[in-house]
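this is the structure alone, sequence omitted:
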C-alpha cells in the first residue's frame, strides 16, 4: 500500500518500524489506494443520508472487517490514524509497549462491536472469541507501562471471558482446590456435577472459621444448588440484622428467594420481614417480593411513593428531557424512572440547560452523524480506538444517548444512572471536586475501586459509584460476574464505603 510524504514515500510497515523506535516522521496516508477505507467512507456517507438501521449494520460490519484486518497488520492501524495515535503515544514510550497499545486499540474496538446485540449482531460469532483470545495472549502485562494500561489489560481479559459464547472444549470435571476452582464449579456446574458441589457447599457452610470469600460463594451456591439443609442456614443469615458482612447477607437474601417454588409462604414471610426492618436491604427484599407477587413490571411502579404533585412535576420534566425514537415497554419505562428519580432535582437543571436524553434503537452517530465512520483515540471516557458508530451509551455536554437494548440488559437502570452521573458532576463546586479526587486517588492506591472501568479516571470512578448506588437489585445469576453491569449498592458499600458515603452526600445535596 503506497503513501505520500513531503520528503519521500514510505510504506505503512516502514512507518510502523520507525514509530516504535520513537521517531515521528512527516507522513500522509494515501486513502485513495486503500479499498477497505474507501468502502467504509461510502457506507458512512450512505448512512448519514438515510440513518437506516440496515445501513448502520452494514457500516458496523465493514468496521469490524477493518479491525480484524488490522489485528494482523497493526501498521495499518498506525498509518490510517497516524496523527491521533502520535498525539496519544509519547516518543519515550517503550517499543514493546507501543506494539501492545496499537494492538489494544483494535481489541477494545472489536470487543465493543462484537458485544452488540440485534440488529447489529456479528456474522463472526463462531470465530470472534478465538481471535480475541489470540490477541489477548499476545500481549504481555510486564511491558505495559503505568497503572492505567495494566488496568486496561485486566479489563480486556474480563470482557473476553464475558462474551465467550462457545462452550469450553475440555468438559472434564476439575477438582476444587482453590477459590477460583470453587467459583468456576458454581458458575459452570450443572445437574451432573450437583452432588459433588453440594458436598463442598455443605462443608464450607458448617465451618465457622472459613475464609469469608469462600462462605459468600457457598451461600450463593446454596441458591443455585438448592437443598433443605442449605435453606435453614442461609435463611438465618438473610434475617440476621447484626450480620456485618454486607455481601454475605446480600447473597443470602438472593439465595433464599430462589426457594420460593419449594417454600412459597416461608420465603414471602422472610422477604416481608426484611422489608419491614427498614435496613439497607429493605429495597432488595421489596423488589424480590414484587417479583414473587407479579408486580415487578406494573406501569409506573417507580412513581408509587410520590405525591400527586411530585408525580406531575416529575412527569413534566421527564417529558421535556427524555425523547425516544422507539416505543418503550413497561420494564424499560420503569428502569428509566427508577434512575431519573435519583436525580429528580438535577433533572430540572438538565432541562433548563437544554440537555436532552435520547433513547434510540440505533447508536450515538444517529444523533451525531458527523462522527460516522470515525475512530476515537483519547485518554478520556472512551476505549481508545473505538468507532463512534458502536457507542450505545454516551454523555456529552448537550446530549445523553442510550441504545434501547441497554435498558433491557443486566444493567437495568444502571446505564441511565451512569450517564446522568456525568452530568451531575458538572454541578460540583471546588470542595466536592477536591474531595472526589482524594477518594479516587486513595481507592486506586488501596485497590478499592469497584471495577476496571472505574479506574480509568475520576469521572468514571464517580459514575460507576452512582450506577452501583442506585442498583439495589440485580439477578442472582449475575452476582458472581466481574462485569461492571452487575455492581450493586451492597458491592459499593463493601468495597468502597467512602465513595458510597460521597455518592449519598451528592444525591442529597443536589437532589
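Received, thanks. Quantities reported herein were computed from a predicted structural model and do not represent experimental measurements. Residues are numbered from 1 along each chain as shown.

residue 24 and residue 400, how far apart?
37 Å (Cβ to Cβ, to the nearest Å). All C-beta atoms are positioned from the backbone trio N, CA, C, and that covers glycine.

for residue 239, same thing?
40 Å.

neighbour count: those two, which is higher?
Taking other Cβ atoms under 10 Å, residue 239 and residue 400 do not tie; residue 400 has more neighbours (24 against 17).

in three-state terms, label the more buried one for me.
strand (DSSP: H, G, I helix; E, B strand; the rest coil).

and it, how far is that from residue 324?
12 Å.

mutual contacts of these two, please.
Contact criterion Cβ atoms under 8 Å, 6 or more residues apart in numbering; residues shared by residue 400 and residue 324: residue 358.

residue contacts, residue 343?
350, 420, 423, 424, 507, 510, 511.

okay, and residue 9 sits in which element?
Residue 9 is located outside every helix and strand, with elements delineated by DSSP states H and E.

same thing with residue 270?
Residue 270 belongs to helix 264-276, assigned by DSSP H and E.

now that helix: buried residues?
Within helix 264-276, the residues that count as buried by 16 or more other Cβ atoms under 10 Å are 267, 268, 270, 271, 274, 275.

doesn't residue 18 make contact with residue 25?
Yes - using Cβ atoms under 8 Å, residue 25 makes contact with residue 18 at a distance of 5.7 Å.

now do the shared contacts for those two.
With Cβ under 8 Å, 6+ apart, residue 25 and residue 18 have common neighbours residue 10.

residue 384 - how many residues pack around it?
There are 20 residues near residue 384, going by other Cβ under 10 Å.

could you check how far residue 460 is from residue 43?
Taken as Cβ to Cβ, the span from residue 460 to residue 43 is 31 Å.

which one's more surrounded, the two?
residue 460 (24 against 21).

so how far is residue 433 from that one?
Counting by Cβ to Cβ - residue 460 and residue 433 are separated by 15 Å.

before we move on, back to that, just send the buried residues of helix 264-276 back as a markdown table, with distance to residue 100 too.
As requested, the buried residues of helix 264-276 are exported to a markdown table (distance: Cβ to Cβ, whole Å):
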| residue | distance to residue 100 |
| --- | --- |
| 267 | 50 |
| 268 | 54 |
| 270 | 51 |
| 271 | 49 |
| 274 | 48 |
| 275 | 50 |
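
any stretches of the protein with poor pLDDT?
1-8, 122-173, 379-383, 408-413, 482-485, 511 (pLDDT under 70).

can you give me the strands for it?
3-4, 28-29, 322-324, 356-360, 375-376, 386-387, 393-395, 399-403 (DSSP state E).

buried deepest among the ones you listed, which one?
Sort the strands of the chain by mean neighbour count, taking mean count of other Cβ atoms under 10 Å, and strand 386-387 sits at the top with a mean of 25.

ok, back up a step: with respect to residue 468, which of the strands of the chain lies nearest?
strand 393-395 (15.7 Å; Cβ to Cβ).

which strands and helices lie in contact with that closest one?
strand 399-403, helix 414-424 (3 or more Cβ pairs under 8 Å, 6 or more residues apart in numbering; DSSP states H and E).

between strand 399-403 and the longest one, find me the angle.
It stands for helix 414-424. 170 degrees (axes from the mean of the first three to the mean of the last three Cα atoms, to 10 degrees).

ok, and what's touching helix 414-424?
For helix 414-424, using Cβ under 8 Å, 6+ apart, the contacting residues are 335-336, 339-340, 342-343, 346, 350, 355, 357, 381, 393-395, 400, 402, 406-407, 409, 459, 462-471, 485, 487, 506, 510.

what's the closest of the buried residues of helix 264-276 to residue 449?
Using Cβ to Cβ, those come closest to residue 449 at residue 274, 29.2 Å.

hmm, residue 256 and that closest one touching each other?
No - counting by Cβ under 8 Å, residue 274 stays clear of residue 256, with 9.3 Å between them.

overlap in contacts of those two?
In contact with both residue 274 and residue 256: residue 238, using Cβ under 8 Å, 6+ apart.

tell me who's in contact with residue 334.
Contacts of residue 334 (Cβ under 8 Å, 6+ apart): 297, 299, 300, 301, 302.

would you list those in TSV and tack on neighbour count?
Putting the contacts of residue 334 into TSV (neighbours: other Cβ atoms under 10 Å) gives the following:
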residue	neighbour count
297	13
299	8
300	13
301	17
302	18
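
now residue 35: how far from residue 42?
Residue 35 is 11 Å from residue 42, by Cβ to Cβ.

more crowded one of these two?
residue 42 (13 against 9).

just checking, what packs against the helix holding residue 270?
Using 3+ Cβ pairs under 8 Å, 6+ apart, helix 264-276 is in contact with helix 228-239, helix 246-257, helix 282-292.

show residues contacting the shortest one.
When contacts are taken as Cβ under 8 Å, 6+ apart, the neighbours of helix 282-292 outside the stretch itself are 250, 253-254, 257, 260, 264, 267-268, 271-272, 274-276, 296, 301, 472-473, 490.
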